[in-house]
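Engineer: everything below, folded, please.
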Amino acid sequence: MKRVIFTFLLVFALSIAYADTYKFPQPMIKYDMKDIIEQTKRFREMYKKYGRYKKPQLVYLYSDSVPKSTIENVFKQAKKIKSIEFTGCMRGFIGNTAKDLKRFIQKQVEKGKIDNIEVRLDPFFFRDLNVKQVPALVYAHCTEQPVECDYDYIIYGDSRLDYLVDKIYEASKDKLIGKVLEELRNF
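Structural biologist: Below is the predicted model:
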């Protein structure tokens, strides 16, 4: 037993001595500390003045039960939107493994032609809004991470995206939503 402990300590001491003599190559990273300090000051001032920045976005809530044609039409129209972030959101999926998730995502991409549009799985979004039926379109102002939202409008219905946005615009008269409506109708 003493030999084992002695051998272990000897190997440990030699490895520490050897590791100290080897200098690991370090990448050359140059920082302009003045820019970093100025940027940090700007962020602090914005945070003091406005709190956490919440940007406007449209979130399309749907599930696997929504017809393929509806999902295709909504995401096809959503690709026209440039002035605001558009996100698809599902409550979750059936399964427990990464393989189940990959299969589910592939099915959604094929079903709705949702390539190049962010789709997230977020049961909290559904819970916060107490959503019991889908599809629904939500106009909200949200932070990045962790996500905190101020929900402005929600509209339910199996309709074209421009119709849903039009109904939100009628209720809100928000200029940004008006711009989104123009983008959807002018293509």
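Engineer: in the sheet, who's paired with Tyr151?
Structural biologist: Beta-bridge partners recorded for Tyr151 (DSSP bridges): Ala140.
Engineer: shouldn't it be in contact with Leu129?
Structural biologist: Yes: here Tyr151 reaches Leu129: they are 6.2 Å apart, a contact under CB atoms under 8 Å. C-beta: built from backbone N, CA, C; applies to glycine.
Engineer: shared neighbours, these two?
Structural biologist: Val138 (CB atoms under 8 Å, 6 or more residues apart in numbering).
Engineer: state whether Lys55 and Tyr139 are indeed in contact, as I suppose.
Structural biologist: No: applying CB under 8 Å, one finds Lys55 not in contact with Tyr139, separated by 12.0 Å.
Engineer: which stretches of this protein form strands?
Structural biologist: 55-61, 85-90, 119-121, 136-142, 149-156 (DSSP state E).
Engineer: hey, least reliable of these by pLDDT?
Structural biologist: Among those, strand 119-121 carries the lowest mean pLDDT, at a mean of 80.
Engineer: residues touching Phe86, list them.
Structural biologist: Contacts of Phe86 (CB under 8 Å, 6+ apart): 57-60, 78, 117.
Engineer: try Leu61
Structural biologist: By CB under 8 Å, 6+ apart, the neighbours of Leu61 are 89-90, 125-126, 129, 131, 134-138.
Engineer: ok, now Lys41?
Structural biologist: Neighbours of Lys41 in contact, by CB under 8 Å, 6+ apart: none.
Engineer: still on that earlier bit, now tabulate the strands of the chain in a markdown table and tack on distance to Lys99.
Structural biologist: Below are the strands of the chain laid out as a markdown table (distance: least, CB to CB, whole Å):
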| stretch | distance to Lys99 |
| --- | --- |
| strand 55-61 | 26 |
| strand 85-90 | 18 |
| strand 119-121 | 16 |
| strand 136-142 | 30 |
| strand 149-156 | 32 |
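Engineer: what about the closest residue to Val165 other than its chain neighbours, neighbour count?
Structural biologist: Leaving aside its sequence neighbours, Val165 sits nearest to Leu181 (CB to CB, 6 or more residues apart in numbering; 5.2 Å). Leu181 has 20 neighbouring residues, counting by other CB atoms under 10 Å.
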